Structures are given as structure tokens and as C-alpha cells.
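K.L.:
Make a model of this:
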Amino acid sequence: MMAGNENLSNITAIMDRNNIQIDGFTENVMPLESLREKYEAFGWNVIEIDGHNFEQISEAVDEAKAISYQPTMIIAHTIPGKGVDFMEGKFEWHGKPPTKEEAEKALRELRTMGGKIKSEHE
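P.N.:
This is a model prediction of the structure:
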């Protein structure tokens, strides 16, 4: 609230909006939407992006740097566990470490993009 009130344009925050928390999906446990409207109401510039897209992340940071009259919140929409079939989108993995076997399987999936490319680690 203070950052918006004081027009602190040298502040840029990135929120990982993955829609989960330890005990479930945020909208079932503690509804948060509309985050954009909440931050705008406190005087923040808000940019929403695909948090898995590095180009969008870079462009959003550049855009935030160009704002000279208010702080910027970048809401990065992400999918927890993206690219790992047994983890993707499952809140049960939030804060739970994988076993050695699960970690190896997850790394194999990530390194091969789900079997789409060959990995030197295979």
C-alpha cells in the first residue's frame, strides 16, 4: 500500500501465481482474485504474463523499468510442476520433496521435454 501511495517506481515485484497452496487450490481455500484489481487499487501498475515464457518475463521487466510514476507488480501465471507428468498442476507436491526415484524420473522428463528430445544423460 505504501509503495503505491508514495509512487515508488523503483520497485518491481514478480508474483508466482500458480493457484495452489499446501492444502489445495487457492480459489478453494483462500480466494485471491482479482489480484490485478487489488494491486491497481493500491496504486500499482500491473502486468500479467505467462510465467513460463522467458521472452514475456524479459519484456515485462523492461516495461516496468519504463514506468516512472508507480511501482509495478508482474503477475506471472505458472503451472506448478510444469513438464513433469506426475507433478504438474498437483497441489500435493507444494512443499513435498520427491523421493530419489521420483526426482530422477522428473529430471528425465524435463531433460527430454517429455520424451520429445534425446538427453545426453540417458
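K.L.:
Next, work out how far apart the spatially most central residue of the chain and residue 30 are.
P.N.:
By Cα atoms, centre = their mean, the mean C-alpha position of the chain lies nearest to residue 16, the distance being 2.8 Å. Separation of residue 16 from residue 30 (Cβ to Cβ, to the nearest Å): 16 Å. In this view, the C-beta of every residue, glycine as well, is placed from N, C-alpha and C.
K.L.:
And the helix or strand of the chain with the lowest mean pLDDT, how far out from the chain middle?
P.N.:
Every helix and strand of the chain was ranked by mean pLDDT, DSSP states H and E. The lowest is strand 24-25, at a mean of 72. Distance of strand 24-25 from its chain centroid, counting by Cα atoms, centre = their mean, to the nearest Å, is 15 Å.
K.L.:
who does it pair up with?
P.N.:
Strand 24-25 has the following strand partners under DSSP bridges: strand 20-21 (antiparallel).
K.L.:
ok, residues contacting the partner strand?
P.N.:
Strand 20-21 is contacted by residues 26, 29, 30, 80, 91, 94 when judged by Cβ atoms under 8 Å, 6 or more residues apart in numbering.
K.L.:
Of those, just say which sits nearest to residue 70.
P.N.:
The closest of those to residue 70 turns out to be residue 26 (Cβ to Cβ; 25.7 Å).
K.L.:
Could you tell me how many residues sit around the closest one?
P.N.:
15 (other Cβ atoms under 10 Å).
K.L.:
That one against residue 32, yeah?
P.N.:
Yes - at 5.3 Å, residue 26 and residue 32 qualify as touching, with contact defined as Cβ atoms under 8 Å.
K.L.:
re the thing from before, need the buried ones from the contacts of strand 20-21 selected in ChimeraX.
P.N.:
Only the buried members of the contacts of strand 20-21 enter the following ChimeraX selection, criterion being 16 or more other Cβ atoms under 10 Å:
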select :80,91
